[in-house]
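Asks: Need a 3D model of the following:
(2 chains)
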2 protein chains.
Amino acid sequence: MFTCDKNRVEETIKAFSQFGATEGGGVTRFALSKECIAARDYFVKRMKAAGCVIETDDFANVYATLPGSQPGLPRIVTGSHCDSVKNGGNYDGILGVIGAMEVIEAIVDQNIPHRHPITAMIWTNEEGAVYIPALMGSGVVCGKFDKNTVLASVGANGQTFAEALDTSGYKGEEKNRLTSGSYKANFELHIEQGPILEAKSKDIGVVTCVLGMVNYRIKLFGQSNHAGATPMKFRQDALYAAAQAIVYLHEQLDRLDPALVYTTGEITCRPCIHSVIPNYVDFSFDARHENPKVTAQVLEIIQDMPKKFAKCRVEVQENFSRETVYFDKNLVATVQKCADTFGYSNMQINSGPGHDAQYTAGVLPTTMIFIPSKGGHSHREEEFTSLDQCWQGINVLLGAILETDKK
Amino acid sequence: MFTCDKNRVEETIKAFSQFGATEGGGVTRFALSKECIAARDYFVKRMKAAGCVIETDDFANVYATLPGSQPGLPRIVTGSHCDSVKNGGNYDGILGVIGAMEVIEAIVDQNIPHRHPITAMIWTNEEGAVYIPALMGSGVVCGKFDKNTVLASVGANGQTFAEALDTSGYKGEEKNRLTSGSYKANFELHIEQGPILEAKSKDIGVVTCVLGMVNYRIKLFGQSNHAGATPMKFRQDALYAAAQAIVYLHEQLDRLDPALVYTTGEITCRPCIHSVIPNYVDFSFDARHENPKVTAQVLEIIQDMPKKFAKCRVEVQENFSRETVYFDKNLVATVQKCADTFGYSNMQINSGPGHDAQYTAGVLPTTMIFIPSKGGHSHREEEFTSLDQCWQGINVLLGAILETDKK
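Replies: Prediction:
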């Protein structure tokens, strides 16, 4: 089995941690920001030096391709994203780019024979931290989003995404997009972003699917009055109603499958003054599960919610939903076999978070490889995965690509 | 019994509703804003025309004094505030100013004999909507606040209160402040800001006290992680914890005296993103009751709260508290007698909200007169009290002042 260069992986992690470095040891590297462009430039320089041909498509997705020995074969692709959330960490997304670079460089260094072209990729704007929607580059390329709608997306700086693309220096041609015919398989290496691999002491997560999800907004309509002058029995307190609704949802949903995850992460309160009874509160509701039968049970609970809490009217608004995306069974088996061959402890796992791979899965055979996240943390500066764990993940990535190359 | 001029009251209400008028029919008239200055100018013009001497003190409180027939007697004062919250109504505060103006003008018009000087007042910055603390003018004059601290208070516009005072044109001398020796009694007419008088079909609220209150901030410390990747059993969700804490407080506090009012009006959530488990939530807790024994029971419940909700640590921070302020028994009896004499239905009532009168009560005999608030609403554009109700309230105010003048 070929392995990658642990020292080089360490250097590459360090190098990327400088682009948009924050005081707390993380990064803020918004899509197409100057920090993000610096990271892309570094990727391009290293990949050119390794002998890759660089292409970009009309959404600034970057493809660095190392030719294979047998002409006319489709490419095997691997990569992820280099943009981050505000005060994000040094592993989410960028680790998949580092892994892709290391696969290319290990193949070149060790002169590893391969028939197919191997492409290392950077997807544009996975996080959607400035320009919505998230998963933008892969979403457009894989036909999930309308190009013009996405180009018109306006960031907090007032600039449209089209303008950001034009000034990025990375806008290429539509003909360079990843397509079904010219690509054979896609592997995305990523940190788990959850605590399961660490809790179960596993080196590698063999990812089988990205969970289906539903996203709602629960709204409570009350009545504002003075906190000191309004007897309790006259009140319609929308925050008390929201508290009851959140507790109610937990009581109902905790009876369902224990693998269900659901979150009320965002709350709005009006007028939000200590001396005034709130007249309006809404909160987000996000629920994810692999099995659509469980998701249907969740929807039933949402729809059967009481129409009032604490005399406040309840309104339920559906925002969006997605079905579970299953990865290619052959590629999943290949990843598992590679992990076993290396002797790395591993388990099948699903992905709750969304990834670019969930969109490419609709276009070509795709799968993902997870490695542990310390404390299950992600989207924060404390994000950490040890060098050994990164190295093992990249070894499995390299092995799975070389195994796929044989077929 | 003398009565006031209903038509003039109607005109005065309309006149003040123009200063800072909002599209929704209310007013935004922040303390010492140009809209507030215009309202003060209007007050001064009318009071000068009625024969009053105008004075202002070092906190821009305005005193318009009509001389009495007997030299050397202390003044009888009545007034309230002309500043409002954002999108406030046409009655809170300003009605007490309108009542004071009408008392002066009715006395002059009808040539009503009176021995004491009668002073109509505007207190500065009762609402604290831009510069904290609220009740600023009365608080400094009555020795509740440190002058220099208050002068350094910075508004949302970056200006200090001292700067706002300097440019207001209303800054006068400290020697003009209301004092114990030179004032005999203070009456403040105000809308109830609650639903009780309306619910009990009473014309007049004979106010006996301003309720004691406690103000706390309840903080919940959780752990942020990805909403899709973190199994429920690994979570420390600070918003779920806050929801449990709010429901818990209601369950415990609803067993206490039914006259207790308490409110969780303000909530903060971090990071407040739909796909992230909240790591920190805090909410305000405001409780008010006349009886300190009940307040002590509230404190006991707060202090005995569980140390954790949903695995999140609970921290309780006391912000401030005040004891119940009782009004002068003789003045309360005078108000009640006047209301009875007019044949206005009335009841004794306490004030949950704070008022400038609660501070003057520590300096000289003071009381308040309430009139109904439609729907119990205040601090909003829909605030409404009928012209008849206003007129009745001002008649009682005039009667109580003339009755006090005899003693």
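Asks: How about the residues of the stretch 101-250 of chain A by chain B?
Replies: Counting by CB under 8 Å from any CB of the partner chain, the positions of the stretch 101-250 of chain A adjacent to chain B are A:192-196, A:199, A:211, A:213, A:215, A:224-234, A:237, A:239-240, A:242-244, A:246-247, A:250. Yep, even glycine has a C-beta here, placed from its N, CA and C like the rest.
Asks: Check the stretch 251-400 of chain A too.
Replies: Within reach of chain B by CB under 8 Å from any CB, the stretch 251-400 of chain A has these residues: A:254, A:258-267, A:269, A:272-278, A:283-284, A:286, A:288, A:351-354, A:373, A:376-380.
Asks: in what helix or strand does residue A:79 lie?
Replies: Mapping residue A:79 onto the secondary structure by DSSP states H and E places it in strand A:75-81.
Asks: one step back: which of the residues of the stretch 101-250 of chain A next to chain B fall in helices?
Replies: Under the assignment DSSP state H, these contribute A:196, A:199, A:239, A:240, A:242, A:243, A:244, A:246, A:247, A:250 to helices.
Asks: and the residues you listed as TSV, adding distance to residue A:404 and pLDDT?
Replies: TSV is the format used below for these (distance: CB to CB, whole Å; pLDDT from 0 to 100):
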residue	distance to residue A:404	pLDDT
A:196	26	96
A:199	30	96
A:239	54	98
A:240	57	98
A:242	50	98
A:243	52	98
A:244	53	98
A:246	46	98
A:247	49	98
A:250	44	98
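Asks: Looking at those, state which has the most neighbours.
Replies: Sorting these by how many neighbours each has (other CB atoms under 10 Å in any protein chain shown) puts residue A:242 first, at 32 neighbours.
Asks: How much space separates the closest residue to residue A:33 other than its chain neighbours from chain B?
Replies: If the residues on either side of it in the chain are set aside, residue A:33 comes closest to residue A:20, at 7.2 Å by CB to CB, 6 or more residues apart in numbering or on different chains. Residue A:20 sits 18 Å away from chain B when distances are taken as CB to the nearest CB, to the nearest Å.
Asks: that older thread, which residues does the strand holding residue A:79 contact?
Replies: With contact meaning CB atoms under 8 Å, 6 or more residues apart in numbering or on different chains, strand A:75-81 is reached by A:63, A:65, A:93-97, A:99-100, A:103, A:116-127, A:137, A:178, A:182-190, A:355-356, A:397, A:401, A:404-405.
Asks: Can you give the domain ranges for chain A?
Replies: Annotated domains of chain A cover A:6-211+A:324-406, A:212-322 [automatic domain parsing].
Asks: Closest one of the ones in helices among the residues of the stretch 101-250 of chain A next to chain B to residue B:8?
Replies: Top of the list for closeness to residue B:8, among these and by CB to CB, is residue A:239 at 42.7 Å.
Asks: Now do the contacts for the closest residue to the closest one other than its chain neighbours.
Replies: Closest residue to residue A:239 apart from its sequence neighbours, by CB to CB, 6+ apart: residue A:278 at 4.3 Å. By CB under 8 Å, 6+ apart, the residues touching residue A:278 are A:222, A:224, A:237, A:238, A:239, A:269, A:270, A:271, A:272, B:265.
Asks: The last one: neighbour count?
Replies: If I follow you right, that is residue B:265. By other CB under 10 Å, the burial measure for residue B:265, its neighbour count, is 21.
Asks: any idea how far it lies from residue B:102?
Replies: Separation of residue B:265 from residue B:102 (CB to CB, to the nearest Å): 34 Å.
Asks: Am I right that residue A:365 is in contact with residue A:184?
Replies: Yes - proximity of residue A:365 to residue A:184 meets the contact threshold set by CB atoms under 8 Å, at 7.3 Å.
Asks: These two: which has the busier surroundings?
Replies: Here residue A:365 and residue A:184 are set side by side on neighbour count (other CB under 10 Å), and the busier one is residue A:365, at 21 against 18.
Asks: any idea how far residue A:399 is from the more buried one?
Replies: Summarising the geometry, the distance separating residue A:365 from residue A:399, computed by CB to CB, is 17 Å.
Asks: Return the list of helices and strands in contact with the helix or strand containing residue A:108.
Replies: Taking DSSP H and E as the criterion, residue A:108 maps to helix A:94-109. If you count contacts as 3 or more CB pairs under 8 Å, 6 or more residues apart in numbering or on different chains; DSSP states H and E, helix A:94-109 packs onto helix A:6-17, helix A:34-49, strand A:62-66, strand A:75-81, strand A:118-123, strand A:183-191, helix A:387-406.
Asks: Could I get these in JSON lines, plus columns for mean pLDDT and distance to residue A:321?
Replies: Formatted as JSON lines, those follow (pLDDT from 0 to 100; distance: least, CB to CB, whole Å):
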{"stretch": "helix A:6-17", "mean pLDDT": "98", "distance to residue A:321": "34"}
{"stretch": "helix A:34-49", "mean pLDDT": "98", "distance to residue A:321": "30"}
{"stretch": "strand A:62-66", "mean pLDDT": "98", "distance to residue A:321": "31"}
{"stretch": "strand A:75-81", "mean pLDDT": "98", "distance to residue A:321": "23"}
{"stretch": "strand A:118-123", "mean pLDDT": "98", "distance to residue A:321": "23"}
{"stretch": "strand A:183-191", "mean pLDDT": "98", "distance to residue A:321": "23"}
{"stretch": "helix A:387-406", "mean pLDDT": "98", "distance to residue A:321": "31"}
